[in-house]
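Peer 1: Need the 3D shape of this:
(one chain, ligands or ions: 2)
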Amino acid sequence: MKIIVHRGTHQIGGCSTEIATKTSRIVIDFGSELDGNQSLDVDSVTKGISDCKAVLFTHYHGDHIGLLESINSDIPLFIGELSLDILKLQNARQKIYAEEVIDRIKPYITGKEMIFGDITVTPYMVDHSAFDSHMFLIEAEGKKILHTGDFRAHGFRGKGLLPTLKKYVGEVDVIICEGTTIGRGTIKSLAESELLCKAKTIFDENKYVFIVCASTNVDRIAAFCSAVPRGKYCICDGYQRSILDVVREKSGKYSSLYAFPKILTYSSRLDEKMKNRGFCMFIRPGNYLSDKLLEQYKDMAPLVVYSMWHGYLEQNDSLAKKLSEYRIEELHTSGHADMGIIENVIKAVKPKVVVPIHTNNPERFSFSAHVKVLEDEEEMQI
Ligand SMILES: [Zn+2]
Ligand SMILES: [Zn+2]
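Peer 2: Numbering: from 1, shown residues only. Ligands and ions are numbered 1, 2, ... in the order given. Below is the predicted model:
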C-alpha cells in the first residue's frame, strides 16, 4: 500500500492525501489553500482518464473540499450525512460551488464500512469546528491507516475521541495526523464548556449582544444559545435557522444542546420586545439585516462578541473597520487539538509511523519516535 500526501505536509489547509493499493486508489480531501493557491493537479483524478475509486471528504471546510469542482466528474464523492445537508444549505445561499457538483456528493454513515476495490474505509465522528466531521480508518492489504482529519477534544463531543479509538480503531500501522496547533507549544485550549460559562457572564451583563460567528460552527452556536439568560431573546436570521433546523432534526434527539429550544427567527414584529427585554443575536456583518440592526442599535452601546479566529479580523479590513465602531469582546477557542491531545491519540493507536499533515511545523512531531515527515507528492510505501 502507498500513501502520497499531494498537499499539506508543510502547511495548514489545502489538504489532499492519496492511499493506493496495487489495484485501487482513493483520495481523502481536496481543499483550497488558505492563502489563495487554488489549484491542485493529480493525474487520473483531475486530468486524464479517471483512476480513483472515490474522493472522501472529512468535513465541509473549504481547506478540505474547496477544489472539489476540479475532480473528474465520473469519480464518486462522499461526505458525512449531516455535513452534506449543511453544505447544500450553505451553497444554496453563497453559491460557492456549481450545484451539479454538490448534487454528485453522496453521504457516508458514521461507523459504516465502505468498500472501494480492496480498500475498506470506515468513518468515525470527531469533534471539530465543522459539525459532523470524521476521521477515517482505512484497511487494505492487511494494514491499517488512521487519517484523523481536523479534530480536537475540547468541544462538547471531544470526550468520545479516545474511547472511540480504543473500541473501534485499535492499533494501526500508520496515523496521518493533523497538527495545526503543534507550533503553539503546550498551551491548553479553552474548552467549549468553559467558553459557555464565560458567555453566560457576558450575556448577563449586557442587554444587547450581537454575535459574530461562522454559521456552520454549530457547537459554538449551541454553546451561545444555551448561555442566553431567561427572559432575553435568542435571535438569528432565516439562513442560520435553516442550518440549526437540520441539526435539530438529526441530532436534537441525542442531545438537548442541539434542540435549540430558545432560538427565534428575526422578524420586525420582534423589534419592540427585543428592545425591551434585550437579546443575543447571531449576525454576519456585510449582510443586509445584520448591518441594519447593528446600525439601529449603535447608540445603545450594544456589545459585539467576536467568536472567530482573530487572524480573520486582521485580514478583513472592512469587517475590522465596521466592528471598531462597537464595543467588542473576543470569545473563541480553537477547532483543533492541542499538543497533549495529539500525543494521547498517537499513544492510543500505537502507530509504527506518524505522518504529520495540516501543520506548519511537522518537525515538532518529534515527540514521537515514529514520525516520518514527508514532502508533498512524496510516495511512502507501507
Ligand atoms: Zn482544515
Ligand atoms: Zn476544518
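
Peer 1: Give me the distance from stretch 238-246 to the chain's centre.
Peer 2: Put simply, stretch 238-246 sits 17 Å off its chain's centre (C-alpha atoms, centre = their mean, to the nearest Å).

Peer 1: buried set for that stretch?
Peer 2: Buried positions in stretch 238-246, judged by neighbour count with 16 or more other C-beta atoms under 10 Å: 239-246. Quick note: C-beta positions are derived from backbone N, CA and C, even for glycine.

Peer 1: Stretch 20-35 too?
Peer 2: Neighbour counts over stretch 20-35 (16+ other C-beta under 10 Å) mark 20-21, 24-33 as buried.

Peer 1: Kindly check the end-to-end length of that stretch for me.
Peer 2: One end of stretch 20-35 to the other measures 29 Å (C-alpha to C-alpha, to the nearest Å).

Peer 1: does any part of it sit near ligand 1?
Peer 2: No. Judged by C-beta under 5 Å from the ion, stretch 20-35 makes no contact with ligand 1; its nearest approach is 6.9 Å.

Peer 1: And for stretch 362-375, what's in contact with it?
Peer 2: Contacting residues not belonging to stretch 362-375 are listed as 3, 5, 9-10, 177, 179, 182-183, 339, 342-343, 346, 351-356, 359, 380 [C-beta atoms under 8 Å, 6 or more residues apart in numbering].

Peer 1: Determine whether any part of stretch 77-89 lies close to ligand 2.
Peer 2: No. On the criterion C-beta under 5 Å from the ion, stretch 77-89 is out of touch with ligand 2, staying 11.1 Å away.

Peer 1: got the contact list for that stretch?
Peer 2: For stretch 77-89, using C-beta under 8 Å, 6+ apart, the contacting residues are 54-57, 59-60, 65, 68, 71, 101-102, 104-110, 114, 123, 125, 130-134, 216, 218, 239, 242-243, 246-247, 250-251.

Peer 1: ok, and of those residues, which contact ligand 1?
Peer 2: Of the contacts of stretch 77-89, not one also sits near ligand 1 (C-beta under 5 Å from the ion).

Peer 1: Can you flag which of the residues you listed belong to strands?
Peer 2: 54-56, 105-108, 114, 123, 125, 133-134 (DSSP state E).

Peer 1: so residue 144 sits right up against residue 173, yeah?
Peer 2: Yes. Residue 144 lies in contact with residue 173 (C-beta atoms under 8 Å); the separation is 5.4 Å.

Peer 1: Now residue 82: phi and psi?
Peer 2: Dihedral angles of residue 82 (phi, psi; degrees, to the nearest 10) stand at phi -70, psi -30.

Peer 1: and it, how many residues sit next to it?
Peer 2: Neighbour count of residue 82, defined by other C-beta atoms under 10 Å: 20.

Peer 1: Kindly report the same for the one 5 residues further on.
Peer 2: For residue 87, the neighbour count with other C-beta under 10 Å is 24.

Peer 1: for the chain, where's the lowest mean pLDDT among helices and strands?
Peer 2: The helix or strand of the chain with the lowest confidence, counting by mean pLDDT, DSSP states H and E, is helix 310-315 at a mean of 90.

Peer 1: residues of it that come out buried?
Peer 2: By 16+ other C-beta under 10 Å, the buried positions in helix 310-315 come out as residue 313.

Peer 1: Same check on stretch 322-330?
Peer 2: For stretch 322-330, burial by neighbour count (16+ other C-beta under 10 Å) applies to 322-323, 326, 328.

Peer 1: got it, and stretch 142-158?
Peer 2: Neighbour counts over stretch 142-158 (16+ other C-beta under 10 Å) mark 144-158 as buried.

Peer 1: out of those residues, which are inside strands?
Peer 2: Here DSSP E is the test, and those give 144-147 as lying in strands.

Peer 1: Mind checking which of the contacts of stretch 362-375 land in helices?
Peer 2: Judged by DSSP state H, the contacts of stretch 362-375 include 339, 342-343, 346 as members of helices.

Peer 1: Tell me the one among the buried residues of stretch 142-158 nearest to residue 14.
Peer 2: Closest approach to residue 14 among the buried residues of stretch 142-158 (C-beta to C-beta): residue 150, at 12.7 Å.

Peer 1: Tell me the predicted confidence for that closest one.
Peer 2: Here, the pLDDT recorded for residue 150 equals 98.
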